[in-house]
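J.: after the sequence you'll find the predicted model.
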Protein chains: 2
Amino acid sequence: MGKAGLPVSPLAPAGFPDLPVIEGVEFASAAAGVKYQGRTDVTLIRVAPGASVAGAFTRSSTRAACVLDCQSKLAATEDDGAGAAIIVNSGNANAFTGARGQESVDAVTGAVAQALDLPIGRVFSSSTGVIGEPLPHDRIVAVIGDLAAGLDKGGVADAARAIMTTDTFPKGASATVAGQGGDIRIAGIAKGSGMIAPDMATMLVYIFTDASIPAPLLQQALSGGLDATFNAITVDSDTSTSDALILAATGRSAAAPITDLESEDGRAFTAALHGVMRELAHLVVRDGEGATKFVEIAVTGAVDDADAHKIGMAIANSPLVKTAIAGQDANWGRIVAAIGKSGGQADRDRLRISFGDMVLAENGWRAPDYDEAKASAYMQNAELRIGVDMGLGQGARTVWTCDLTHGYIDINADYRS
Amino acid sequence: MGKAGLPVSPLAPAGFPDLPVIEGVEFASAAAGVKYQGRTDVTLIRVAPGASVAGAFTRSSTRAACVLDCQSKLAATEDDGAGAAIIVNSGNANAFTGARGQESVDAVTGAVAQALDLPIGRVFSSSTGVIGEPLPHDRIVAVIGDLAAGLDKGGVADAARAIMTTDTFPKGASATVAGQGGDIRIAGIAKGSGMIAPDMATMLVYIFTDASIPAPLLQQALSGGLDATFNAITVDSDTSTSDALILAATGRSAAAPITDLESEDGRAFTAALHGVMRELAHLVVRDGEGATKFVEIAVTGAVDDADAHKIGMAIANSPLVKTAIAGQDANWGRIVAAIGKSGGQADRDRLRISFGDMVLAENGWRAPDYDEAKASAYMQNAELRIGVDMGLGQGARTVWTCDLTHGYIDINADYRS
């Protein structure tokens, strides 16, 4: 069972992965009773002095107080070598809580700064859960002493669990890159299941690496990977008020510092980082509320990548496409309709639509050897690949989504998450 | 029961209204077995010589052959006084059917032109149903003789029923305006239940009036009403390939011709026409697939009307807002999130959100006298009014939607409509 009493997604991996320890990063989790009882709901992460920090956040115009606070701290703070901390709670998003929202952020990050002897400008916070309820920050402040005392570099799996809301499994991913002089390790955790249609970043994601890399390069490596990873997934088209991704590099690897993203190490690191981001993004889709199918939509031949993205997301967000997939119905006509409404450039008579290796439609109508029985059989798979070639240019983007099922309605009509 | 065996929507009106006869318009319906068995599925409408015709159609880039054909005929045809005809089938959308789509349109409209002695350029057609299947137009052509013989000015209720697909009730609305010298009558019918997020017009809508009004003015009166009526509703955010609205004015009223929309009669006619359009649009929402709640979302105080529209539609299309409404949960935080993702201009601290007469949130957070029990009680109503005041300017737009329920999943996961 997941934390909200929901059965674990059928698309979940076998277990939480064995993430490498990132030297210079420690975790501690506690049960503060912010909303949920009998489970951990607060995580503290300490990043050792000398680390670089980068971030990406939702562009929602009603974003949460903690997101605004992270953005202003990341923009203002010189990378002064003091180290950093991240404090995360689930159960309450501290969003749309007016001026009181920032007061709560100040109370929580101030208490962490004092406990860990850090400048408050280096203490970042995230909150996830219900929107519009004042954050009972005293409950969080009350456990900070225990959290500070319990920091442990092996605590990442507990942290991944403490940040869950309607998630049915904890999410982690890692990569190791052979750098000049030693390995570089990357490990990340994420939470997210509903209200997933990221716009710059998604949900709560924390990625750590022992690479030695200056903050501006770290931010550049991160930003360059967003469009093809977190911004290329959707569960329900609803962009969150709280999306936040924080990436910290501790510089504790034996590998030489990365001073150029175009160097051999720079490229290897960036590719590995984007791989971890993609894997975490996929895990969020695999835990999409009510999901029974993991769906990859590969758009090619669009006029440009932005148009391919727009078309892919229109298909991925179409309730009619998603319910057809839930019903295992090879109803590709609904894909045609979604392409039509996308606003992307399309020429009906050049479109090609395929499911797996099967071409279903081409040249403006059903493929001559279309086989309904074969298409229906393909739809029984838990992992589906929909190919859409626009036949117009070189633009391409792959996006990921899940189906829309009775489970989504159950979760969202019956619980206030 | 509706035509697809679905129970009638709980939001349906008591019965089909008693529409006034529009002199110069006749209807006939028949069972051609296009897809459904044992029900009428083709309607022929004849409009007498001298009528003006106007139209509005989907902007989907994958729009159906019949839509493209209507657009080219309306653009090309001089209003030559020959009269007009409309032939409509349900069960097959004739969309994404390649060159064969236009061949089907030519076969059907050609047969009607011959039977009624009309130029083919004045025969409009609509098809609604499954996308991507070739239209079995021979079955339609086979019943055109019977249809032509059965034309009857009292046949409008049968026509409203023949054009249904997943609709659970037939939809009609009317108005009568006192013009100079006599009454002007307006009567319209519509179908639509799923794939409703109109972009220029919605689904299949046919409106008739005995007003005497030249085609360009008729088109202007029609176009001016779209944004606040059909373009202001959404069931599921999926824009159809087949949306079409055709409006014909027969000039048979005793009232003086309308030669200026700004005259007293012109204003009265336009207001009445927009009222009929709004009522038909509401009926489509009341028959939204799986709907149990009719929801009005009134956005005010936006920077302009376009921004108000964008914000209203983001709320109306949010699966999280719609499932909360289905669950009778006063989860206004999801409305905040939808405003945030809308792309519309928002200032968190000026927002005010109300349900009915209750203010839930203002000045950036929960209203001081917010009463969860009262808000929850309000959510039990079948008709809900959500007010959103942005506090920024004079922009306003009201939009309408329904909730997202298990019924929507049942209909769309389990049937190929």
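T.: Happy to help now that I have it. Residues are numbered from 1 along each chain as shown, chains lettered A, B, ... in the order given.

J.: surely A:Arg139 forms part of a strand?
T.: No. Judged by DSSP: H, G, I helix; E, B strand; the rest coil, A:Arg139 forms no part of a strand; its state is helix.

J.: from A:Gly91, how far off is it?
T.: 10 Å (Cβ to Cβ, to the nearest Å). From N, CA and C alone the C-beta is placed, and that goes for glycine too.

J.: now A:Pro257
T.: 40 Å.

J.: how about A:Val156?
T.: For A:Val156, the distance to A:Gly91 - Cβ to Cβ - is 20 Å.

J.: can you give me the strands in the stretch 151-300 of chain A?
T.: Listed from the start of the chain, the stretch 151-300 of chain A has strands (DSSP state E, counting those that start in this stretch) covering A:171-179, A:182-191, A:204-209, A:233-234, A:244-249, A:294-302.

J.: among those, which is nearest chain B?
T.: Smallest distance to chain B across the strands of the stretch 151-300 of chain A (Cβ to the nearest Cβ): 10.7 Å, for strand A:233-234.

J.: report all helices and strands that the closest one contacts.
T.: Contacts defined by 3 or more Cβ pairs under 8 Å, 6 or more residues apart in numbering or on different chains; DSSP states H and E place strand A:233-234 against helix A:264-286, helix A:305-317, strand A:395-402.

J.: returning to that earlier point: which one of A:Pro257 and A:Gly91 is surrounded by more residues?
T.: A:Gly91 (24 against 16; other Cβ atoms under 10 Å in any protein chain shown).

J.: which SSE is the more buried one in?
T.: strand A:84-92 (DSSP states H and E).

J.: next, the angle from that strand to strand A:204-209.
T.: Using axes from the mean of the first three to the mean of the last three Cα atoms, to 10 degrees, the direction of strand A:84-92 lies 150 degrees away from that of strand A:204-209.

J.: strands paired with strand A:84-92, and their directions?
T.: strand A:42-47 (antiparallel), strand A:123-130 (parallel) (DSSP bridges).

J.: follow-up on the earlier one: dump the strands of the stretch 151-300 of chain A into CSV; add mean pLDDT and mean neighbour count as well.
T.: Output for the strands of the stretch 151-300 of chain A, formatted as CSV (pLDDT from 0 to 100; neighbours: other Cβ atoms under 10 Å in any protein chain shown):
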stretch, mean pLDDT, mean neighbour count
strand A:171-179, 89, 21
strand A:182-191, 89, 24
strand A:204-209, 82, 28
strand A:233-234, 78, 26
strand A:244-249, 85, 28
strand A:294-302, 95, 21
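
J.: wait, which of these is closest to B:Phe294?
T.: The minimum distance between B:Phe294 and the strands of the stretch 151-300 of chain A falls on strand A:233-234, with 27.4 Å, by Cβ to Cβ.

J.: where's the closest one relative to the chain centroid, distance-wise?
T.: 9 Å (Cα atoms, centre = their mean, to the nearest Å).

J.: and it, which strands flank it?
T.: strand A:395-402 (parallel).

J.: which outside residues touch the strand it pairs with?
T.: A:11, A:227-228, A:232-235, A:281-282, A:285-286, A:288, A:290-309, A:312-313, A:315-317, A:322 (Cβ atoms under 8 Å, 6 or more residues apart in numbering or on different chains).

J.: pull out the buried members of these.
T.: Among the contacts of strand A:395-402, those classed as buried by neighbour count (16 or more other Cβ atoms under 10 Å in any protein chain shown) are A:11, A:228, A:232-235, A:281-282, A:285-286, A:288, A:290-305, A:307-309, A:312-313, A:315-317, A:322.

J.: isn't A:Gln328 up against A:Ser376?
T.: Yes. Assessed by Cβ atoms under 8 Å, A:Gln328 is found in contact with A:Ser376 at 7.0 Å.

J.: among these two, which residue is more densely surrounded?
T.: When A:Gln328 and A:Ser376 are compared for neighbours, A:Gln328 comes out ahead with 19 against 12, by other Cβ under 10 Å.

J.: show me what contacts the nearest residue to that one once chain neighbours are set aside?
T.: Spatial nearest neighbour of A:Gln328, excluding adjacent residues (Cβ to Cβ, 6 or more residues apart in numbering or on different chains): A:Met379 at 4.1 Å. Counting by Cβ under 8 Å, 6+ apart, A:Met379 touches A:325, A:328-330, A:355.

J.: those, buried ones only, as a PyMOL selection?
T.: To isolate the buried ones among these in PyMOL, judged by 16+ other Cβ under 10 Å, type:
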select buried, chain A and resi 325+328+329+330+355
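
J.: tell me which of the contacts of A:Met379 fall in helices.
T.: A:Ile325 (DSSP state H).

J.: what's the burial count for A:Asn363?
T.: 15.

J.: can you give me the neighbour number for the residue nearest to it when sequence neighbours are not counted?
T.: Closest residue to A:Asn363 apart from its sequence neighbours, by Cβ to Cβ, 6+ apart: A:Asp349 at 5.9 Å. Other residues near A:Asp349 come to 13 when the count uses other Cβ under 10 Å.
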